[in-house]
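**Q** can't give you the sequence, but here's the structure:
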């Protein structure tokens, strides 16, 4: 080996300029694929949440109510076995103890013509469902008695139909929310973790001393994250559609630009966290501190419309809310992109402001 | 032709929370000629790394100027960085890549070929470990890979920041050979180290740095000569009578304990000849002044690496 001439060197530097971005993209992408923890956080964790939440929200209202009968409860004799599972308790105290421990949804005592219902306070939702079903059962019995006494009188009856053609199965509102959350954690954790790694291993510092510019390197890094977000979205929506019956609208492809925009916003948040944190555990902790509450106030796990008013107010400041809403609109409701322009505008503004702040406050000397 | 490095009156002060002001670099000037092997020697915290980072263009000094190969390192310019090779204290690698992928990525950044990358792996003796992930390499192997990455762009000027820190003696000697060969090819090498014997073994000239200042610059031999210190000759005790020791010392200082007699002489040739003719050579040790003594002399402080 020997020292080159100046001309050979200049020519080589020119070749290097064009290839630097590609080679950096390749090196960073390879590193990402080989990092199993990344695969877990971006692909498997959101899928696990979908399985968990779909079974929690999907099963509660269809299972039979667990009733504890104290003594002889005549009204239960005509009960539909699909609606009630009846067990017997020796006295009221034993029945109430079962309620407290969550072993039953309601206790029933029949005292002559009075049916006393004790709905569970421990699991109030299934307690309320059991109470409703028991009341309906009592009404049915009364209607039968009254019809027998006055056969000619007309009696009102209700029938319950699912609204919206049954479209809003839990998966329909859960999938966009969990996807938005998945995009958020891979963006925030990814950027924060990377910056803390750079503080430790000085890779960025080393690269600043090559002919490649910092801009090329950061561009390659962001590109890897964007490609990851697209892959994550594709895998997630495919599994949700094939495995959980999510119905995808014709506008589903528009999830791609939404997810890219969201990723930029979350990367910017991650850069701020990475600037503050000095160690990997600190970066992970701070990232959790930001993404977990954000998920709960953004309707990612639970419909915003059912959340308390103050949660809805806070949600206006969260980029995850807008990503979630926009994804829901185009993927589930099949609305055209023009319908989600406000959400796009907010996400873009949020990304720009946070990126600007992180750029201005970042201590490059630490890298 | 411009000098490889020209540094004039660099200053850099850090204002840490609670620690007050730290003058990390306090008026540093030096010049390195092309082809030279230049060492910056000093204890930890002397300001070596900060100085190097300013010279490389990673940090902006509060004041002072730097010229590398006649160019300013600030702002970043591909024309200059393409001619530099840098090895940092932390081994800065892409995560989860093998040694080969690592150096090939760096090769592409410098516009060098895959063949050149393979050649550099061979040079640092890592061809057998080409498919090992960087995090699985030993400390010495990581340092060698780091140096290979510094050389892959065929640099004119190479910066090595404590490349042998935390290596075992054998790995250190191997790296010394590598560094000598890099310099022998005509590349200018700047090395920071806190190992005296390393600076002594490798460098054409050494700058002794302490508390942010360069205290003196000279060749290792020049330093020792200018110190004008006596040679210490030690032999095991019990071979010479008290009068004989007096006679051999010939008025120069000496000490003795149960184990050994130590002469401090300006004329080691005469003393050694006489000791040989006395047959009193058991436990013989001859120690001339070294950089450690120079450091003590220059800074007025005991060496504490």
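**A** Sure, I can see it. All values reported here derive from a predicted model rather than from experimental measurement. Numbering: from 1, shown residues only, chains lettered A, B, ... in the order given.
**Q** Show me which residues of the stretch 151-300 of chain B sit near chain A.
**A** B:153, B:154, B:156, B:185, B:186, B:187 (C-beta under 8 Å from any C-beta of the partner chain). Yep, even glycine has a C-beta here, placed from its N, CA and C like the rest.
**Q** Just the ones of these in helices?
**A** When these are checked against helices using DSSP state H, none is located there.
**Q** Which two of the residues you listed have the greatest separation?
**A** B:153 and B:186 (15.1 Å; C-beta to C-beta).
**Q** Neighbour count: the two, which is higher?
**A** residue B:153 (28 against 11; other C-beta atoms under 10 Å in any protein chain shown).
**Q** now the more buried one: how far from residue A:145?
**A** 96 Å (C-beta to C-beta, to the nearest Å).
**Q** thinking again about what came up before, just put the residues of the stretch 151-300 of chain B next to chain A in a markdown table and tack on pLDDT.
**A** Formatted as a markdown table, these follow (pLDDT from 0 to 100):
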| residue | pLDDT |
| --- | --- |
| B:153 | 92 |
| B:154 | 92 |
| B:156 | 94 |
| B:185 | 92 |
| B:186 | 92 |
| B:187 | 95 |
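**Q** now stretch A:30-43: mean pLDDT?
**A** Averaged across stretch A:30-43, the pLDDT comes to 89.
**Q** now the end-to-end length of that stretch.
**A** 17 Å (C-alpha to C-alpha, to the nearest Å).
**Q** and that stretch with chain B, contact?
**A** Yes. For stretch A:30-43 and chain B, the contact criterion (C-beta under 8 Å from any C-beta) is met by A:30, A:31, A:34, A:35.
**Q** Only whichever of the residues you listed are buried, select them in ChimeraX.
**A** Buried residues within those, by 16 or more other C-beta atoms under 10 Å in any protein chain shown, are selected in ChimeraX with:
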select /A:30,31
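**Q** Mark which of the residues of stretch A:30-43 next to chain B are part of helices, please.
**A** A:30, A:31, A:34.
**Q** With respect to residue A:286, which of the residues you listed is nearest?
**A** Using C-beta to C-beta, those come closest to residue A:286 at residue A:31, 22.7 Å.
**Q** Kindly report the residues of the stretch 1-150 of chain B close to chain A.
**A** B:56-59, B:76, B:78-79, B:81-84, B:86, B:88-97, B:101-102, B:104-106, B:108-112, B:116, B:119, B:123, B:149.
**Q** Please enumerate the helices of chain A.
**A** A:6-34, A:36-39, A:45-59, A:92-100, A:124-149, A:170-201, A:203-208, A:214-244, A:255-276, A:280-296, A:309-315, A:319-327, A:341-361.
**Q** mind checking which of those is nearest residue B:296?
**A** Nearest to residue B:296, of all the helices of chain A, is helix A:203-208, at 34.3 Å by C-beta to C-beta.
**Q** what pLDDT, on average, does that closest one get?
**A** 89.
**Q** Can you tell me what sits against it?
**A** With C-beta atoms under 8 Å, 6 or more residues apart in numbering or on different chains as the test, helix A:203-208 has contacts from A:197-198, A:214, A:217, A:367, B:57-58, B:76, B:86, B:88, B:92-94, B:109, B:149.
**Q** Repeat that for stretch A:351-364.
**A** Residues outside stretch A:351-364 that contact it (C-beta under 8 Å, 6+ apart) are A:261, A:264, A:265, A:268, A:269, A:271, A:272, A:275, A:319.
**Q** so residue B:12 touches residue B:55, yeah?
**A** No. Counting by C-beta atoms under 8 Å, residue B:12 does not reach residue B:55; the two are 11.3 Å apart.
**Q** what's near enough to touch residue B:175?
**A** Taking C-beta under 8 Å, 6+ apart, one finds B:140, B:143, B:144, B:147, B:163, B:164, B:167 in contact with residue B:175.
**Q** Using TSV, lay out these together with neighbour count and secondary structure.
**A** Converted to TSV, the contacts of residue B:175 look like this (neighbours: other C-beta atoms under 10 Å in any protein chain shown; DSSP: H, G, I helix; E, B strand; the rest coil):
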residue	neighbour count	secondary structure
B:140	19	helix
B:143	27	helix
B:144	28	helix
B:147	24	helix
B:163	26	coil
B:164	22	coil
B:167	19	coil
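**Q** Farthest-apart pair in these, please.
**A** Once C-beta to C-beta is applied, the contacts of residue B:175 give B:147 and B:167 as the farthest pair, at 12.0 Å.
**Q** Which positions within stretch A:346-359 qualify as buried?
**A** A:346, A:347, A:350, A:351, A:354, A:355, A:358.
**Q** what comes into contact with the least confident helix or strand in chain B by mean pLDDT?
**A** Ranked by mean pLDDT, DSSP states H and E, the weakest helix or strand in chain B is helix B:291-299, scoring a mean of 82. Residues outside helix B:291-299 that contact it (C-beta under 8 Å, 6+ apart): B:41, B:196-197, B:199-200, B:206, B:208, B:210, B:215-216, B:220, B:223-224, B:227, B:229, B:301-303.
**Q** So which of the residues you listed are in strands?
**A** B:41, B:206, B:208, B:210, B:215, B:216 (DSSP state E).
**Q** Wait, the first one touches residue B:209, no?
**A** Yes. In terms of C-beta under 8 Å, residue B:41 counts as a neighbour of residue B:209; the distance is 6.7 Å.
**Q** quick one: common contacting residues for these two?
**A** Contacts common to residue B:41 and residue B:209, judged by C-beta under 8 Å, 6+ apart, are residue B:48.
**Q** between the contacts of helix A:203-208, which has the most around it?
**A** Neighbour max across those (other C-beta under 10 Å) = residue B:149, 29 neighbours.
**Q** what about the chain, any weak spots by pLDDT?
**A** In the absence of a named chain, chain A is used. A:1-18, A:58-63, A:159-168 (pLDDT under 70).
**Q** Hmm, no, I was thinking of chain B.
**A** Ranges of chain B meeting pLDDT under 70: B:17-19, B:302-305.
**Q** Can you list the residue ranges for helices in it?
**A** B:48-56, B:78-81, B:99-109, B:114-123, B:139-151, B:169-184, B:196-202, B:220-227, B:242-249, B:268-278, B:291-299.
**Q** what about the residue nearest to residue A:25 when sequence neighbours are not counted, neighbour count?
**A** In space, residue A:25 comes closest to residue A:220 once its chain neighbours are excluded; the distance is 4.4 Å by C-beta to C-beta, 6 or more residues apart in numbering or on different chains. A count of nearby residues for residue A:220, using other C-beta under 10 Å, gives 20.
**Q** so who does residue A:220 touch?
**A** Contacts of residue A:220 by C-beta under 8 Å, 6+ apart are A:21, A:24, A:25, A:28.
**Q** Pull the number of nearby residues for the second one.
**A** It refers to residue A:24. 25.
**Q** if I read this right, it contacts residue B:105, doesn't it?
**A** Yes. Using C-beta under 8 Å, residue A:24 makes contact with residue B:105 at a distance of 7.2 Å.
**Q** got the residues of the stretch 151-300 of chain A near chain B?
**A** A:197, A:200-203, A:205-214.
**Q** Whichever residue of the stretch 201-305 of chain B sits closest to chain A: what's it in contact with?
**A** Nearest residue of the stretch 201-305 of chain B to chain A (C-beta to the nearest C-beta) works out as residue B:212 at 17.4 Å. Contacts for residue B:212 (C-beta under 8 Å, 6+ apart) come out as B:23, B:24, B:25, B:26, B:27, B:28, B:46, B:47.
**Q** Between the buried residues of stretch A:346-359, which sits nearest residue B:4?
**A** residue A:358 (38.1 Å).
**Q** I am finished for the moment; much appreciated.
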